[in-house]
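>>> Sequence plus the predicted model coming up.
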Number of protein chains: 2
Amino acid sequence: MADVSVLINGYGTIGKRVADAVDAQRDMEVLGVVKTSPDYLARLAVEEYGYPLFVPEDRVERFEDAGIETEGTVEDVVLNAEDYGLDVVVDCTPEGIGARNKETLYEKAGVKAIFQGGEEAEVAEVSFVAQCNYEEALGADYVRCVSCNTTALCRTLGTLKEEFELGRVYVTIVRRAADPHQVKKGPINAIAPNPVTVPSHHGPDVKTVMPDIDITTAAVKVPTTLMHMHVVRVELKEEVTSDDVIDAFEEARRIWVVPHGEGLGSTAELIELGRDLGRKRYDLYEILVWEESINVEDGVLYYMQAVHQEADVVPENVDAIRAMTELEEDPEASMDATDSALGVLNSPPL
Amino acid sequence: MADVSVLINGYGTIGKRVADAVDAQRDMEVLGVVKTSPDYLARLAVEEYGYPLFVPEDRVERFEDAGIETEGTVEDVVLNAEDYGLDVVVDCTPEGIGARNKETLYEKAGVKAIFQGGEEAEVAEVSFVAQCNYEEALGADYVRCVSCNTTALCRTLGTLKEEFELGRVYVTIVRRAADPHQVKKGPINAIAPNPVTVPSHHGPDVKTVMPDIDITTAAVKVPTTLMHMHVVRVELKEEVTSDDVIDAFEEARRIWVVPHGEGLGSTAELIELGRDLGRKRYDLYEILVWEESINVEDGVLYYMQAVHQEADVVPENVDAIRAMTELEEDPEASMDATDSALGVLNSPPL
């Protein structure tokens, strides 16, 4: 089968990772990446990684002035998708821009597109987490990979839901305030309700992927950049032990059970593990659940999980490409291919 | 020539990096690493990296209990250095322990050892920065690789000193409070004079490598974990332009001139560059000087440089091994070998 040719529109936190992840697969290739600012990352994309660089029409001059070579404009490549052999756009632009791009570019060109979790669910036919609903995205024109937090909740709650009968779920989300390079965002010394309204939007977002889960969420923002943390409470409708839960997570894909007691007592130390494993950009694609936090008491399961917000959605984007182009109809086969190329593991190598 | 066989005593922030750096060289090999706690990092050393693991006699049982395989004790391997074929110990133990190890182990065994900058200068015959005084370490039994801050100052001031006639130097050192994984250290919301006495010990430490430089330093500690920053003021005894300085730094080894204006406006963004370059553990072995900060006014040169405290001394340890074992007598040849194996660059790939 011919390779699927992918344009990554938006080369920031997610886009640069999706580009590398697509590049690592055997059955797809990076047609190009799109960037709006002529900064160091644009230079790396061209000079270090050799990705063809496309820019918006009104930015061409800026890149010329900066002496960064471009291959053409994003308008040209999308609107002439067939000539370029473009199969799928992965839109990694900031919140809200994706929906605009759909209207002005992708629909006009009749080109398939993937959106990120910052867009409203209505932007796409399917809100997607590979482990939960891969089949729903088969052949779809527009797919939305849900946010890092939603992806994480769908992975672990989806695993539990397959194994056990669940009652109501309640999650407190403790969010990182900004990504590591975002030095202009705060807070730097406060805890902010975010949003202050309870429930937060995260619960309904989980339901876009798993409609029949009874989940409520609340969220606060704290001054850290490394990972999010979820404190989860799940009512159980059957007899389940914490060992049953540990077994379920250990057998599940893309979920790690990690020992707090072995020097992994915080998000900082989990990131250090990512560094020590030699992961590119220290990316932890997996959801990390602290073993010691898994506890069943009075019919209620509790656990805490850490989510690397820059990384966990990256394999999902790759799987979404395979589903919508029907490169692969079997979810497990797609995830196997993605994980093996990216080095995603089902358990930590400890 | 037979490979030089190296034991890394202490497998923490510096030790784990020195082990990987030695492992990457063609002319030396890791005989083993020494760890005191049976944590996740001990497991990785054995299971992921395959380094033989030695532990202190009184810790053997702890590792056995944790089910982590050890090869023997540090006392045994050092005191029977000849039987094991051990040539050099790189001591990466916490401040002060190195000097004790010298007395109780290395001197008794007659084995060469490298110490880190946390030890007093008197622990070794030479305080070492490869670009400044490689030859002084040729054949030495005990060498001290100076601290990350001292290494950084020696690299850039040494470069300037070779090119220009310098007067008095004054540096304000803005120190990171802890390494990224050290979650028990502070401050988390304060700026601390550290030390409160001016001058600080850093100036005298630079003089252990470059005795004839007239340098004074003062230091404060701030709530960040990523890098140190140096704000440098150098009196010039001859006519020098900022372009002359930029040229000198651009031509020098292990120093990068980086553009603040291209999205590299803080230590966080420099670390992001390390991640985007795919550096293992995002390590920046080089000293990064902001191009826009380099300025000459009224006969005084000013510049700001960022120092990745976990990484910049790593290539120095490798060069020190070559010098003291006389594996290589030519400094440039040693540094070429080190840099090529580790991916250390003389300029950023931008």
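Ah, there it is. Residues are numbered from 1 along each chain as shown, chains lettered A, B, ... in the order given.
>>> SS state for residue A:143?
strand (DSSP: H, G, I helix; E, B strand; the rest coil).
>>> how far away is it from residue A:126?
As judged by CB to CB, to the nearest Å, residue A:143 and residue A:126 stand 5 Å apart. In this view, the C-beta of every residue, glycine as well, is placed from N, C-alpha and C.
>>> overlap in contacts of those two?
Contact criterion CB atoms under 8 Å, 6 or more residues apart in numbering or on different chains; residues shared by residue A:143 and residue A:126: residue A:137.
>>> What ranges does chain A have for its helices?
With helices called from DSSP state H, chain A shows them at A:13-24, A:40-43, A:60-66, A:74-79, A:81-84, A:97-101, A:107-109, A:130-133, A:148-163, A:202-209, A:242-251, A:267-276, A:314-324, A:331-342.
>>> Tell me who's in contact with the closest residue to residue A:65 other than its chain neighbours.
Spatial nearest neighbour of residue A:65, excluding adjacent residues (CB to CB, 6 or more residues apart in numbering or on different chains): residue A:38 at 7.5 Å. Shown in contact with residue A:38 (CB under 8 Å, 6+ apart): A:59, A:62-63, A:65-66, A:68, B:262.
>>> go with 10 Å
A:53, A:55, A:59, A:61-68, A:70, B:262-263 (CB atoms under 10 Å, 6 or more residues apart in numbering or on different chains).
>>> before we move on, what about residue A:43?
A:53, A:66-69, B:259, B:262-263, B:348-350.
>>> returning to that earlier point: right, and out of the contacts of residue A:38, which lies closest to residue A:334?
Nearest to residue A:334, judged by CB to CB, of the contacts of residue A:38 is residue A:53 at 28.3 Å.
>>> With neighbour numbers in mind, choose between residue A:143 and residue A:126.
Set side by side, residue A:143 and residue A:126 show more neighbours around residue A:143, with 26 against 22, by other CB atoms under 10 Å in any protein chain shown.
>>> if I look at the more buried one, how far off is residue B:296?
Residue A:143 is 56 Å from residue B:296, by CB to CB.
>>> What of residue A:32?
On the measure of CB to CB, residue A:32 and residue B:296 end up 43 Å apart.
>>> Quick check on these two: which one has the bigger neighbour count.
Set residue A:32 next to residue B:296 and count neighbours by other CB under 10 Å: residue A:32 wins out with 23 against 18.
>>> who's in contact with that one?
Here residue A:32 is in contact with A:5-9, A:11, A:19, A:45, A:51-54, A:70-72, A:74, A:77, A:84, A:86 (criterion: CB under 10 Å, 6+ apart).
>>> out of those residues, who's near chain B?
Contacts with chain B within the contacts of residue A:32, counted by CB under 10 Å from any CB of the partner chain: residue A:45.
>>> My read is that residue A:221 contacts residue A:188, right?
No - Residue A:221 is beyond contact range of residue A:188, at 11.4 Å (criterion: CB atoms under 10 Å).
>>> Common neighbours of the two, please.
Common contact partners of residue A:221 and residue A:188 (CB under 10 Å, 6+ apart): A:177-178.
>>> With adjacent residues omitted, what lies nearest to residue A:176?
residue A:224 is the one closest to residue A:176 (CB to CB, 6+ apart), at 5.0 Å.
>>> Hmm, the one you found is touching residue A:267, no?
Yes - Residue A:224 lies in contact with residue A:267 (CB under 10 Å); the separation is 6.8 Å.
>>> and these two? which has more neighbours close in?
Taking neighbours as other CB under 10 Å, residue A:224 and residue A:267 compare with residue A:267 leading, 22 against 17.
>>> Let me know how buried the nearest residue to the more buried one once chain neighbours are set aside is, in neighbour terms.
In this structure, residue A:267 finds its nearest non-sequential neighbour in residue A:227, 4.1 Å apart by CB to CB, 6+ apart. By other CB under 10 Å, the residues close to residue A:227 number 26.
>>> now residue A:67
There are 8 residues near residue A:67, going by other CB under 10 Å.
>>> OK, contacts around it?
A:38, A:43.
>>> what residues are shared contacts of residue A:224 and residue A:267?
A:174, A:176.
>>> Residue A:320 contacts residue A:140, correct?
Yes - using CB under 10 Å, residue A:320 is in contact with residue A:140, at 8.6 Å.
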